[in-house]
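Asker: This is a predicted model, with the sequence first.
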Amino acid sequence: MTWLWANLGLVWQLTLDHVALSVPPIILGFLLALPLGWLANRHQPSRGVLLSIGGVLYAIPSLPLFVMMPLILGTKILDPINVVVALSIYALALMVRVASDALAAVDTDVIASSTAIGYSDWSRFWRVELPLAGPVLLAGLRVVSVSTVSLVSVGAIVGVDSVGFLFLNGFQRAFPEEILIGIIASVLIAFVFDVVLVLAGRVLMPWAPVLRSREHPRGLMTEKTVIGQ
Amino acid sequence: MNQLFATFAWLLDPAHYAGPDAIQVRVGEQVEYTLLTLLLASIIALPAGLAIGHTGRGRTLGVQIPAVLRALPTLGLVILLALMVGLGLLAPLIALVILAIPPILAGAYSGLESVDRETVDAARALGMTGWQVLWKVEIPLSLSLITGGLRSAALQAVATWTIAAILPLGGLGRYIFDALPVQDYPKMLAGSMLVIALALVTDALFALLQKVVTPPGVRAGRASLVRAKTTHSHARAALFRHASFIRNER
């Protein structure tokens, strides 16, 4: 623990760096996934194409993708943009599927009724479909948030500082305590993000039931949305 | 562009197909590590997942443990174990097996849960014992999802063994970590491309396997599902299944 007190400034700075690298991909992934998820449901062929591209992108390992980014973006290898863009790609790949499932799950009777009482396509999307898809979107966003936070530390290998720096530094110095502190910091960041998302969900969707993994009735899962299809 | 040419030149250089650092040797090591990880994780996770799915007991644990594991940064876990257990294959193997358990477990129990209750009841009504229901009804009907779990675990293993090459190990990550300190960018890119290619081939092979093991009747049923039939609870169920598969770190 003495190491932590002596290096509190460093750990705090790395934590802030970690947060700064994690937030943009989560937000970008979410915002870009909404129109793409909508598009995926609009036409049958676009759904197959978009979800397939998402599946392939999601299969790419992180470290190689970080290494490839400078070639694709024309940036320097140490540029934090590489990590942010790569993680946004993962977030988007995952959220497109979630957004398309969430929007598809809105009851067609509800959509028909809102059209009947005079909603335009545009206002129906914002005032009916999006709110009703909200709880599922939130659940997907929580998964994206946790996995993004834990992936950021891999960026330390290509020189982009985050709490992942503590892993590499602790390894060089053969100092397990530093690594343990890094792991705890990373898990705490993920936890705080999760709490923020849940609270945001309560504020934005006070009517929504708390989404629990136990609400998962048996026999309801013969759905074609099999992972990775 | 020059970098790209240099990378392809590196990949085509005959010198990189000979000796202990040859491309085919590194690919072989990566595949070997991945298969070993899958095998050990399956020995633990498949029976546990089938038990949870068949009996419906221990489900909460089966959902919560993966959720907690997902928050753990793999890089830190691999290095910490290496410092505690010692260098060599054992430390990263332990870390990777732990991380491969959740997707396989989730694939197995959600696979069994996806089997229509009426089908299971019908099998029981025909006089099948618990074991017969499991082997002749539940497992065949859920093979696609079970394979899906293995697919996620395999992709995760390919990716994480690359990161684990920060330790003195073989595998394709070796190229990246050897090239990093000397700024040999073409070699790093070549290593990265090889890992990506291996991951995509792995993904495609498992996708194919998923299609092959799906019984024809189940395939026909899936095709008839249309958008209008998707309900909110369907989407949620699909999402949770999806979420439980998501790899910790790639």
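Answerer: Arrived safely. Residues are numbered from 1 along each chain as shown, chains lettered A, B, ... in the order given.

Asker: Mind giving me the packing neighbours of the helix or strand bottoming out on mean pLDDT in chain A?
Answerer: The weakest-scoring helix or strand in chain A, judged by mean pLDDT, DSSP states H and E, is helix A:2-6 (a mean of 83). Helix A:2-6 makes packing contacts with helix A:176-204 when contacts are defined by 3 or more CB pairs under 8 Å, 6 or more residues apart in numbering or on different chains; DSSP states H and E. Every residue, glycine included, has its C-beta placed from N, CA and C.

Asker: The same query, at a cut-off of 10 Å, please.
Answerer: Under the contact criterion of 3 or more CB pairs under 10 Å, 6 or more residues apart in numbering or on different chains; DSSP states H and E, helix A:2-6 touches helix A:8-42, helix A:176-204.

Asker: which stretch among the ones you listed comes nearest B:Asp121?
Answerer: helix A:8-42 (34.4 Å; CB to CB).

Asker: who wins for proximity to chain B among the helices and strands packed on helix A:2-6?
Answerer: Smallest distance to chain B across the helices and strands packed on helix A:2-6 (CB to the nearest CB): 4.2 Å, for helix A:176-204.

Asker: where does the chain dip in pLDDT?
Answerer: The chain I'm using is chain A. Scanning chain A with the threshold set as pLDDT under 70 gives A:209-229.

Asker: actually it's chain B I care about, not the one you picked
Answerer: B:1, B:219-250.

Asker: most residues in a single helix of it, which one?
Answerer: helix B:23-55 (DSSP state H).

Asker: Without its sequence neighbours, what residue ends up closest to B:Ser144?
Answerer: B:Thr214 (4.4 Å; CB to CB, 6 or more residues apart in numbering or on different chains).

Asker: same thing with A:Pro64?
Answerer: With CB to CB, 6+ apart, the residue lying closest to A:Pro64 is B:Ser192, at 3.4 Å.

Asker: do the same with A:Leu166
Answerer: Per CB to CB, 6+ apart, closest to A:Leu166 is A:Gly182, 3.3 Å.

Asker: ok, that neighbour - how many residues close by?
Answerer: 30 (other CB atoms under 10 Å in any protein chain shown).

Asker: Looks like it contacts A:Ala156 (just checking).
Answerer: Yes - between A:Gly182 and A:Ala156 there is a contact at 9.2 Å, judged by CB atoms under 10 Å.

Asker: what residues do those two have in common as contacts?
Answerer: Common contact partners of A:Gly182 and A:Ala156 (CB atoms under 10 Å, 6 or more residues apart in numbering or on different chains): A:14, A:18, A:162-169, B:73, B:75-76.

Asker: three-state assignment of B:Leu72?
Answerer: Here B:Leu72 is recorded as coil under DSSP: H, G, I helix; E, B strand; the rest coil.

Asker: ok, now A:Ser162?
Answerer: Relying on three-state DSSP, one would call A:Ser162 coil.

Asker: For it, list the residues it contacts.
Answerer: A:Ser162 makes contact with A:14-22, A:80, A:83, A:149, A:151-156, A:182, A:185-186, A:189, B:73, according to CB under 10 Å, 6+ apart.

Asker: For the buried ones among those, write the corresponding ChimeraX selection.
Answerer: The following ChimeraX line selects those of these that are buried, judged by 16 or more other CB atoms under 10 Å in any protein chain shown:
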select /A:14,15,17,18,19,21,22,80,83,149,151,152,153,154,155,156,182,185,186,189 /B:73
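
Asker: Show me the residue at the heart of chain B, geometrically.
Answerer: Residue closest to the mean C-alpha point of chain B, counted by CA atoms, centre = their mean, is B:Ala153 at 1.4 Å.

Asker: That residue contacts B:Leu99, doesn't it?
Answerer: Yes - with contacts counted by CB under 10 Å, B:Ala153 reaches B:Leu99, the gap being 8.4 Å.

Asker: Tell me where chain B has helices.
Answerer: Under DSSP H, chain B gives helices at B:2-12, B:23-55, B:59-70, B:74-85, B:90-113, B:117-125, B:130-132, B:139-164, B:173-179, B:185-213, B:216-223, B:232-245.

Asker: tell me the centre residue of chain A?
Answerer: A:Val144 (2.3 Å).

Asker: tell me the contacts of it?
Answerer: Per CB under 10 Å, 6+ apart, neighbours of A:Val144: A:25-26, A:29-30, A:33, A:87, A:90-95, A:98, A:193, A:197, B:243, B:246.

Asker: can you do 6 Å?
Answerer: A:26, A:29, A:91, A:94-95 (CB atoms under 6 Å, 6 or more residues apart in numbering or on different chains).

Asker: The residues you listed, buried ones only, as a ChimeraX selection?
Answerer: Of the contacts of A:Val144, the buried ones go into a single ChimeraX selection, burial set by 16+ other CB under 10 Å:
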select /A:26,29,91,94,95
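
Asker: from the contacts of A:Val144, which is closest to B:Ile139?
Answerer: A:Leu94 (28.7 Å).

Asker: Quick check: the residue nearest to B:Ser144 vs A:Gly55, distance?
Answerer: B:Thr214 is 17 Å from A:Gly55, where distance means CB to CB, to the nearest Å.

Asker: Then B:Lys187?
Answerer: According to CB to CB, B:Lys187 and A:Gly55 sit 29 Å apart.

Asker: residue contacts, the nearest residue to B:Ile146 once chain neighbours are set aside?
Answerer: Excluding the flanking residues, the one nearest B:Ile146 by CB to CB, 6+ apart is B:Gly111, at 4.6 Å. If a contact means CB under 6 Å, 6+ apart, then B:Gly111 has B:142, B:145-146 as its contacts.

Asker: ok, now with 7 Å
Answerer: B:53, B:142, B:145-146 (CB atoms under 7 Å, 6 or more residues apart in numbering or on different chains).

Asker: Also B:Leu77?
Answerer: The contact partners of B:Leu77, by CB under 7 Å, 6+ apart, come to A:183, B:95.

Asker: Could you do the one 3 residues further on as well?
Answerer: B:Leu80 makes contact with A:176, A:179-180, A:183, according to CB under 7 Å, 6+ apart.

Asker: Kindly recompute the last result at 10 Å.
Answerer: A:167, A:170-171, A:176-180, A:182-183, B:73, B:91, B:95 are the contacts of B:Leu80 under CB under 10 Å, 6+ apart.

Asker: Roughly how far does it sit from A:Ala93?
Answerer: Here the criterion is CB to CB. By it, B:Leu80 lies 29 Å from A:Ala93.

Asker: picking up where we left off before, so how far is chain B from the nearest residue to the residue nearest to the centre of chain A once chain neighbours are set aside?
Answerer: Spatial nearest neighbour of A:Val144, chain neighbours left out: A:Ala91 (4.8 Å); criterion: CB to CB, 6+ apart. According to CB to the nearest CB, to the nearest Å, A:Ala91 and chain B sit 12 Å apart.

Asker: does A:Ala91 sit in a helix, a strand or a coil?
Answerer: Per three-state DSSP, A:Ala91 ends up helix.

Asker: Tabulate the helices and strands packed on helix A:2-6 in JSON lines, adding columns for distance to B:Thr37.
Answerer: Converted to JSON lines, these look like this (distance: least, CB to CB, whole Å):
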{"stretch": "helix A:8-42", "distance to B:Thr37": "27"}
{"stretch": "helix A:176-204", "distance to B:Thr37": "21"}
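
Asker: Of the ones you listed, which is nearest B:Leu198?
Answerer: helix A:8-42 (24.7 Å).
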